[in-house]
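A.B. asks: Quick one: sequence and predicted model below, then my questions.
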Amino acid sequence: MKHIYLNLKRFDVPAELGGVNRIADIRTWGSYIVRETQEKLKAYAQKDVEFAMFFPEAHLFSALEAKTEGSPVQVGCQGVFRTDVQPGGNFGAFTTGRPAAAMKAAGCEAVIIGHCEERNNLNGILAEAGCKDTNAVNRILNQEIKCAVAQGLKVLYCIGERSEEQEQWQDVLGEQLEIGLQDVDKNMVAIAYEPVWSIGPGKTPADKEYITKIARFVKEKTEGMDIVYGGGLKQDNAAMLASIPEIDGGLIALTRFQGEIGYYPEEYLEIISLYMKEAGKQED
Ligand SMILES: O=C[C@H](O)COP(=O)(O)O
């Protein structure tokens, strides 16, 4: 089965404030994203592919309310706190935190954990505190994954090496996998590989050979866990990614990289169509 994830980052911010949202009023943006995609996504058999969308917290309820009967859209959130509300334990004293229990109660089915933007944030906080332990972030993410899984949320766990880590990619990815997934039920988790060095304008995208090498490494290290490309999946690379047997899907974020950059539902659907068409050919 293929997995197509959508990370909506903070694509809700209007263009006049510096964001990329030109498609809907911020108050109805979550429902717009779901309404504009769910009927077309029904064209794909649910046994062949699943679709999860990770929304900023403010948009979860409107996204969930927009789901219709039989909608293939799984609504997810963008991270959970590293500790949780517990019966007889902490009752919810987590100001600014996003406990997994709250996300479960809201109706979320999935969560993205360890995205490079989350890793950057955690690294920044640890650097302010003078922490030089490179695995501290992996340990925090492991706590978050455990909280999510304990609440029954499916996890997309992101890993990836930065440019200064490229020569040690095996050590870096190996530790991210080993520590991040320690004592975790792997049936609830898929891996997203983000080559951080190749993401962003002016960067050289990772090629098929490189992505295949990493996917094989991840499968070997994790006894065959599903891995998607998180670098991300876009029109330019959809057919190439679908032609790699070890890659089980992709993580889409921006759909347009030039002009009025941003996320546009019709372009998201086009990326999926390109990917699934090629994936279908591979199976024939
Ligand atoms: O979440 C996905 C990755 O950060 C890639 O994002 P992007 O395709 O918008 O550059």
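C.D. replies: Thanks, I have the structure now. Just so it is clear, the structure is predicted and the values come from calculations on it, not from any experiment.
A.B. asks: For the protein, what lies in contact range of the ligand?
C.D. replies: Taking C-beta under 6 Å from any ligand atom as the contact definition, the chain meets the ligand at 7, 115, 194, 199, 230-232, 234, 251, 253-254. C-beta coordinates here come from the backbone N, C-alpha and C atoms, glycine included.
A.B. asks: Format these as TSV; extra columns: secondary structure, pLDDT and neighbour count.
C.D. replies: Converted to TSV, these look like this (DSSP: H, G, I helix; E, B strand; the rest coil; pLDDT from 0 to 100; neighbours: other C-beta atoms under 10 Å):
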residue	secondary structure	pLDDT	neighbour count
7	strand	98	24
115	coil	98	24
194	coil	97	24
199	coil	89	16
230	coil	96	27
231	coil	91	25
232	coil	93	21
234	coil	96	22
251	strand	98	25
253	coil	97	20
254	coil	96	17
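A.B. asks: Spatially, which two of those are the most separated?
C.D. replies: The distance between the two most remote of the residues of the chain next to the ligand (C-beta to C-beta) is 16.5 Å, for 115 and 234.
A.B. asks: and the end-to-end length of stretch 104-120?
C.D. replies: 26 Å (C-alpha to C-alpha, to the nearest Å).
A.B. asks: What of stretch 247-264?
C.D. replies: 24 Å.
A.B. asks: Quick check: buried residues in that stretch?
C.D. replies: 247-255, 262-264 (16 or more other C-beta atoms under 10 Å).
A.B. asks: residues touching the residue of the stretch 1-150 of the chain found nearest the ligand, list them.
C.D. replies: Of all residues in the stretch 1-150 of the chain, residue 7 sits closest to the ligand, at 3.8 Å by C-beta to the nearest ligand atom. By C-beta atoms under 8 Å, 6 or more residues apart in numbering, the contact list for residue 7 reads 54, 78, 112, 115, 232, 251-253.
A.B. asks: go again using 6 Å as the cut-off
C.D. replies: Counting by C-beta atoms under 6 Å, 6 or more residues apart in numbering, residue 7 touches 54, 112, 251, 253.
A.B. asks: just checking, what packs against whichever strand or helix holds the second one?
C.D. replies: Element membership of residue 112 [criterion: DSSP states H and E] is strand 110-113. With contacts defined as 3 or more C-beta pairs under 6 Å, 6 or more residues apart in numbering; DSSP states H and E, the secondary structure elements packing on strand 110-113 are strand 73-77, helix 136-150, strand 154-159.
A.B. asks: and the following helix or strand past it, what's its mean pLDDT?
C.D. replies: Using DSSP H and E, the next helix or strand after strand 110-113 towards the C-terminus is helix 116-128. Mean per-residue pLDDT for helix 116-128: 97.
A.B. asks: So the residue of the stretch 1-150 of the chain closest to the ligand versus residue 277, what's the distance?
C.D. replies: According to C-beta to C-beta, to the nearest Å, residue 7 and residue 277 sit 23 Å apart.
A.B. asks: Then residue 10?
C.D. replies: 31 Å.
A.B. asks: and residue 59, that's in a helix?
C.D. replies: Yes. Judged by DSSP: H, G, I helix; E, B strand; the rest coil, residue 59 forms part of a helix.
A.B. asks: Please name the nearest non-neighbouring residue to it.
C.D. replies: Computed as C-beta to C-beta, 6 or more residues apart in numbering, the closest residue to residue 59 that is not its neighbour in sequence is residue 30, at 3.1 Å.
A.B. asks: pretty sure that neighbour is in contact with residue 64, am I right?
C.D. replies: No. Residue 30 lies out of contact with residue 64 (C-beta atoms under 6 Å); the separation is 8.1 Å.
A.B. asks: higher neighbour count, these two?
C.D. replies: Shown here are residue 30 and residue 64; by other C-beta atoms under 10 Å, residue 30 has more neighbours (25 against 19).
A.B. asks: Which residues are in contact with the most centrally placed residue in the chain?
C.D. replies: Nearest to the mean C-alpha position of the chain, by C-alpha atoms, centre = their mean, lies residue 112 at 4.6 Å. Shown in contact with residue 112 (C-beta under 6 Å, 6+ apart): 7, 54, 78, 156.
A.B. asks: Quickly list what the last one is bridged to.
C.D. replies: In this structure, residue 156 has the following beta-bridge partners (DSSP bridges): residue 112, residue 190.
A.B. asks: do you know how far residue 150 is from residue 229?
C.D. replies: When C-beta to C-beta is applied, the distance between residue 150 and residue 229 equals 28 Å.
A.B. asks: Tell me how far residue 104 lies from residue 72.
C.D. replies: According to C-beta to C-beta, residue 104 and residue 72 sit 20 Å apart.
A.B. asks: Fine by me, thanks again.
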